[in-house]
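In: Sequence first, then the predicted structure:
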Amino acid sequence: MAEDIRALENAAQPANPRFTWGVSTSSFQIEGAARLDGRGDSIWDAFCRQEGRIKNGDTGDVACDHYHRYSEDIGLMRDLGIDAYRFSISWPRVLPAGRGTANEAGLAFYDRLIDELLASGIEPWICLYHWDLPQALDELGGWQNRDIAGWFADYAALVARRYGGRVKRLATFNEPSVFTIFGYGFGWNAPGIADKAALHKAIHHVNLSHGRAVEVLRQSVRDASIGAIHNRQPCYPSGTGDEDRQAALHFADYWNDAFPYPQHFAFYPQALAEEIEPFQKPGDLALIAQPLDWFGLNHYSPHYIKADGNCLGATLGPPPADVPRTAIGWPIVPHAFRDTLLDINARFRLPIYVLENGTADDDKMDGSGNIEDAGRVAYLQGYTAAMREAISAGADVRGYFVWSLLDNFEWTAGYSQRFGLVHVDFATQRRSPKASARWYADLIKQSQKSSAAGGITSAARAGSDG
Ligand code: IFM
């Protein structure tokens, strides 16, 4: 622990005067209250109803019941001592049909949440889209329908009008490569489509929607600090043959570059350009490439890619046997995180916020109610040390958010994978902070102490990069 702290202190540098510590969550994964107060269905509600899609037939109907227990959850955040909390707005809670009439009761929930966060000294960060597309829009083609750029811009305008006076940190999309590739290319996630053209349409329309939303947010929120949240991770070949090597290169073009490249540089990587072209109109790329204030990174591990017969000719494969793995089999390779941060720094030249990092662990509660999640603590130690190395080597990293505050609905894995710093007993909704929560709280406290002496500070409530 002491070494971790010293390492982070030593990473401080004048170019990086403020540091934000936080946690991230998403609406569908924690809120529950799925049919309450006028909320509409999302594609994940519909997907959960399809037999065999979600482990154990789990649903997001109740999840962590955060809709009712948000005050208790903010109390847990205060105990951690975090500076910022990143959550997503449920589009179908505030616009049940995705467009048209807004739902006052849904909007009022986020008012309560934001007000209590601010009163607790925790900066709210809003993400507009974390995968829960209104089902009504999916029935109109969802991300495959070009009109969605207008629907998304209108939704962004609603959020800006309602919360923009209080919330300045705004992200458009969380992990667009995951929800498009898994949802439209491979059919693993909602809405369960496996089709090459659907994937390319979805990619382009998400990018267009991003551009339209950034325009709206910039115009309507004074002092807005805007970004998008991407997962970037090295894609290594799973095997030693040429097929896997080619597959890894091709997969990386989609996974890492299909969104950041048009959004920052106004072009698609060569591997996609021709496929996307039929869905593009003149002026699209200029509209997509709006100036941004920061680069949001979600990173857990590198990918090991093998050749496959799917629409990308590539899929996730096993890592080599000597690569250490988490309890759920994800590779633990902190130096890939350091290299990714340095690569983003060099390519995109923006302040970087790590908006998700963490792990599921094999959490067991002992007879006294303690959860000694040593695997998670070791993972977080390794990854924050790698971040420190990247900062020391010049990466302009301004913040780090753990995924996640609470154990929650982990998409197709249902409740079988626990990512929280805080354990949730889903039968009783009882919250129990794990050893990792204490570790994170100590890390933040030490970092705050060292800030007076010029270490990484966590004093920022509104960053200077917006
Ligand atoms: O739970 C997810 C989150 O919704 C998006 N990023 C990865 C997390 C862990 O799988």
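Out: Done, it's in. Residues are numbered from 1 along each chain as shown.

In: In terms of helices and strands, where is residue 121?
Out: Remark: residue 121 resides in no helix or strand, with elements defined by DSSP states H and E.

In: before we move on, what about residue 197?
Out: Residue 197 belongs to helix 196-220, assigned by DSSP H and E.

In: How about residue 291?
Out: Counting by DSSP H and E, residue 291 is part of no helix or strand.

In: What count of nearby residues applies to it?
Out: Using other C-beta atoms under 10 Å, residue 291 has 9 other residues around it. Where C-beta positions appear, they are placed from N, C-alpha and C, glycine not excepted.

In: how close does it get to residue 253?
Out: Computed as C-beta to C-beta, to the nearest Å, the residue 291 to residue 253 distance reads 24 Å.

In: Give me the secondary structure label for residue 321.
Out: coil (DSSP: H, G, I helix; E, B strand; the rest coil).

In: So what's the residue count around it?
Out: The burial count for residue 321: 6, using other C-beta under 10 Å.

In: Show me which helix or strand of this protein is least confident by mean pLDDT.
Out: helix 2-10 (a mean of 49; mean pLDDT, DSSP states H and E).

In: Mind giving me the packing neighbours of the following helix or strand past it?
Out: Using DSSP H and E, the helix or strand that follows helix 2-10 towards the C-terminus is strand 20-24. Taking 3 or more C-beta pairs under 8 Å, 6 or more residues apart in numbering; DSSP states H and E as contact, the helices and strands that strand 20-24 lies on are strand 84-88, strand 123-129, strand 352-356, strand 397-403, helix 435-451.

In: CA atoms only: put strand 20-24 into CSV for me.
Out: C-alpha atoms of strand 20-24 as CSV (Å, rounded to 0.1, in the frame of the first residue of the first chain):
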residue,chain,number,x,y,z
THR,A,20,-9.9,12.9,-10.3
TRP,A,21,-10.7,9.7,-8.5
GLY,A,22,-14.1,8.2,-9.2
VAL,A,23,-16.3,5.2,-9.8
SER,A,24,-18.6,4.4,-12.8
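
In: that older thread, just the angle for the helix holding residue 197 relative to strand 123-129, thanks.
Out: 140 degrees (axes from the mean of the first three to the mean of the last three C-alpha atoms, to 10 degrees).

In: What mean pLDDT does the very next helix or strand once past helix 196-220 get?
Out: Downstream of helix 196-220, the next assigned helix or strand under DSSP H and E is strand 225-231. The predicted model gives strand 225-231 an average pLDDT of 98.

In: Say whether the ligand is contacted by strand 225-231.
Out: No: applying C-beta under 6 Å from any ligand atom, one finds strand 225-231 separated from the ligand by no less than 7.1 Å.

In: List phi and psi for the most centrally placed residue in the chain.
Out: Computing the C-alpha centroid of the chain and ranking residues by C-alpha atoms, centre = their mean puts residue 174 first, at 4.5 Å. Main-chain dihedrals, residue 174, degrees, to the nearest 10: phi -100, psi 120.

In: what residues are up against it?
Out: 26, 88, 127, 129-131, 229, 298, 355 (C-beta atoms under 8 Å, 6 or more residues apart in numbering).

In: Now these in a markdown table, please, with extra columns for neighbour count.
Out: Output for these, formatted as a markdown table (neighbours: other C-beta atoms under 10 Å):
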| residue | neighbour count |
| --- | --- |
| 26 | 25 |
| 88 | 25 |
| 127 | 25 |
| 129 | 28 |
| 130 | 23 |
| 131 | 24 |
| 229 | 28 |
| 298 | 20 |
| 355 | 30 |
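
In: Can you verify residue 394 is assigned to a strand?
Out: No: checked against three-state DSSP, residue 394 lies outside a strand; its state is coil.

In: looking at it, it is touching residue 345, isn't it?
Out: Yes: here residue 394 lies in contact with residue 345, judged by C-beta atoms under 8 Å, at a distance of 6.7 Å.

In: Show me which of the two is the more surrounded one.
Out: More crowded of residue 394 and residue 345, by other C-beta under 10 Å: residue 345, with 20 against 13.

In: So for the more buried one, what's the nearest residue that isn't a sequence neighbour?
Out: residue 395 (4.1 Å; C-beta to C-beta, 6 or more residues apart in numbering).

In: now that neighbour: how far from residue 343?
Out: 9 Å.

In: And these two? Which one has more around it.
Out: Between residue 395 and residue 343, counting by other C-beta under 10 Å, residue 395 is the more crowded of the two (24 against 15).

In: is it true that the more buried one touches residue 347?
Out: No: contact criterion C-beta under 8 Å: residue 395 and residue 347 do not qualify, at 11.3 Å.

In: near the ligand, which residues of the stretch 151-300 of the chain?
Out: 175, 298.

In: Helices of the stretch 151-300 of the chain, start to end?
Out: Using DSSP state H, counting those that start in this stretch, the helices of the stretch 151-300 of the chain run over 176-180, 196-220, 242-257, 260-265, 270-276, 284-288.

In: got a pLDDT number for the residue of the stretch 51-200 of the chain found nearest the ligand?
Out: Relative to the ligand, the nearest point of the stretch 51-200 of the chain is residue 175 (5.4 Å; C-beta to the nearest ligand atom). Looking at residue 175, its pLDDT reads 98.

In: show me what contacts it?
Out: Residue 175 touches 131, 229-231, 298, counting by C-beta under 8 Å, 6+ apart.

In: try it again with 10 Å
Out: 26, 127, 129-131, 181-182, 228-231, 255, 259, 296, 298, 355-356 (C-beta atoms under 10 Å, 6 or more residues apart in numbering).

In: Check residue 361 too.
Out: Contacts of residue 361 by C-beta under 10 Å, 6+ apart are 326-328, 371, 373-379, 417-420, 434, 436.

In: Relative to residue 387, how far out is it?
Out: 20 Å.

In: just residue 301 next, same as before
Out: Taking C-beta to C-beta, one finds residue 301 at 14 Å from residue 387.

In: Where does the residue nearest to residue 328 when sequence neighbours are not counted sit, in terms of helix or strand?
Out: What sits nearest to residue 328 in space, not counting adjacent residues and going by C-beta to C-beta, 6+ apart, is residue 360, at 4.6 Å. Using DSSP H and E, residue 360 is not contained in any helix or strand.

In: And for residue 439, the neighbour number?
Out: 21.

In: tell me the contacts of the residue lying closest to it once chain neighbours are set aside?
Out: Once flanking residues are discounted, residue 439 sits nearest to residue 377: 4.9 Å by C-beta to C-beta, 6+ apart. Contact analysis of residue 377 by C-beta under 10 Å, 6+ apart lists 1, 359, 361, 434-440.

In: Is residue 377 in a helix, a strand, or coil?
Out: helix.

In: Could you report the distance from it to the ligand?
Out: Applying C-beta to the nearest ligand atom, to the nearest Å, the value for residue 377 to the ligand is 18 Å.
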